[in-house]
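*Asks:* Need a 3D model of the sequence below.
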Amino acid sequence: MADLFDTPSDRESGASAPRPLADRLRPAALSEVIGQDHLLGPEAPLGAMLASGSLSSLILWGPPGVGKTTIARLLADETDLHFVQISAIFTGVPELRKVFEAARIRRQNGQGTLLFVDEIHRFNKAQQDGFLPHMEDGTIVLVGATTENPSFELNAAVLSRSQVLVLNRLDEDALERMLIRAEAEIGAKLPLSRGAREALVSMADGDGRALLNLVEQVSGWQVSEPLDADGLTRRLTRRAAQYDKSGDAHYNLISALHKSVRGSDPDAALYWLARMLKGGEDPRYLARRITRMAVEDIGLADPQAQGVCLQSWETYERLGSPEGELALAQAVVYLALAPKSNAAYAGYKAAISAATRTGSEPPPKHILNAPTSLMKDQGYGDGYQYDHDAEDGFSGQNYFPETMKRGIYYLPVERGFERELKRRLDFFAKLRSQRGGEER
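*Replies:* Residues are numbered from 1 along each chain as shown. Model prediction:
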């Protein structure tokens, strides 16, 4: 009787059933895997492991359709381990107990088990902890697959006992090689012009499984002459871009947008903004993050930047989508081209650090109000110099705690409006020095 958790391709009952092209083209050896040479070459992590005859537990992290399941299955073949595949979506604690018990019996009979867990990040902490004793005593070699960042989604204990390997999104060259292999399997070239062929590869969006599914559709068409790109796109729908508003794509793309703005590249910034909006990101989240960019990266080099962002946010709220999204795009372009300074941001962080170190040091008494006679008797307000009465409207008094050396936190840059602020700051520092205060 077949193992309850063996995959259907292992069962004789399914041997005569029609097999999809993606299944027929599944590599029979690691050397046939396309697009992951950085892991499988002789000097690469998996190549070195296999050469040494020692396979450790692994976490395969990468986008869909790049070969995670295939690599796991072939690793079991290469190391003579029994391959068992489960999905974290459909497997609960009772099923896991059966898997571990079957692996324990195999081990007693001299057969190791490679347990492949698809979507391993879907298991909760308790379920993930359940793998640890079986990994440690050698009952299983765990190979987990995830599309999410393991450092966020997996327990530290599981990660410490595994090696994380990153699989690449398939580039156009890899997809073209896969397309040629698919045509050889079918026994005919696809009825596509060169432009249509390139469009087909683009539609797959780095996903090999998606490409083979598209090839299977196209190969069944009856056409009198090769289709051009327009003819292809009329018949096929482009694969939806990968975007999870709470996952890696969300954080990766907002990081790309932020750094493009910081790097003064409006074209790249507009591209990443469009990618996020196209993926279904909440424009209000983007409005908030764009405003943060104005505060963090433009700062006082262009004091109008925050206002532009807040106005674009309000415009979006009034117009809604899709018209209001143009206001966000305008704000992104404005920020990308604005002079940049993080001086206020850096100064604030430095001041927070100083405030943490100095604890509860009181202000100097001369800048304290004295609303009661007792406070006056204690010297509150004594010696305070009213700046409006001072020459140049500047007294140069000390406003830091008396036991603390004067701090320097705000260092404006020679860009945009901050150039003027630096001039003022230098002027006040000179006056302070002339009037007996500490120099800046």
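*Asks:* T113 bridge partners, please.
*Replies:* H82 (DSSP bridges).
*Asks:* Okay, strands next: where are they in the stretch 101-250 of the chain?
*Replies:* 113-118, 141-146, 163-166 (DSSP state E, counting those that start in this stretch).
*Asks:* what's the last one in contact with?
*Replies:* For strand 163-166, the external contacting residues (C-beta atoms under 8 Å, 6 or more residues apart in numbering) are L39, P45, L46, S56, S57, L58, I59, L60, W61, G62, P150. For glycine as for every other residue, the C-beta is placed from the backbone atoms N, C-alpha and C.
*Asks:* Sort out which residues of it are buried, please.
*Replies:* Residues V164, L165 are the ones in strand 163-166 that count as buried (16 or more other C-beta atoms under 10 Å).
*Asks:* what separates Y251 from F152, distance-wise?
*Replies:* Relative to F152, Y251 is positioned 9 Å away (C-beta to C-beta, to the nearest Å).
*Asks:* Same list (the strands of the stretch 101-250 of the chain) but as JSON lines, adding mean pLDDT.
*Replies:* Below are those laid out as JSON lines (pLDDT from 0 to 100):
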{"stretch": "strand 113-118", "mean pLDDT": "96"}
{"stretch": "strand 141-146", "mean pLDDT": "95"}
{"stretch": "strand 163-166", "mean pLDDT": "94"}
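*Asks:* circling back: more neighbours: which of Y251 and F152?
*Replies:* Set side by side, Y251 and F152 show more neighbours around Y251, with 13 against 10, by other C-beta atoms under 10 Å.
*Asks:* ok but the more buried one is inside a helix, no?
*Replies:* Yes. Counting by DSSP: H, G, I helix; E, B strand; the rest coil, one finds Y251 located in a helix.
*Asks:* follow-up on the earlier one: pick the one among the contacts of strand 163-166 closest to L179.
*Replies:* Each of the contacts of strand 163-166 was scored against L179 by C-beta to C-beta, and G62 proved nearest at 20.1 Å.
*Asks:* Next up, the contacts around the residue lying closest to that closest one once chain neighbours are set aside.
*Replies:* Spatial nearest neighbour of G62, chain neighbours left out: L167 (3.0 Å); criterion: C-beta to C-beta, 6 or more residues apart in numbering. Contact partners of L167, counting by C-beta under 8 Å, 6+ apart, are Q36, L39, L60, W61, G62, P63, V66, G67, K68, I71.
*Asks:* Which ones among the residues you listed lie within strands?
*Replies:* Judged by DSSP state E, the contacts of L167 include L60, W61 as members of strands.
*Asks:* Which one (most neighbours) among the contacts of L167?
*Replies:* Within the contacts of L167, neighbour counts (other C-beta under 10 Å) peak at L60, which reaches 29 neighbours.
*Asks:* Next one, pLDDT for that one please.
*Replies:* pLDDT recorded at L60 is 96.
*Asks:* Same question for Y243.
*Replies:* Among the per-residue scores, Y243 holds a pLDDT of 55.
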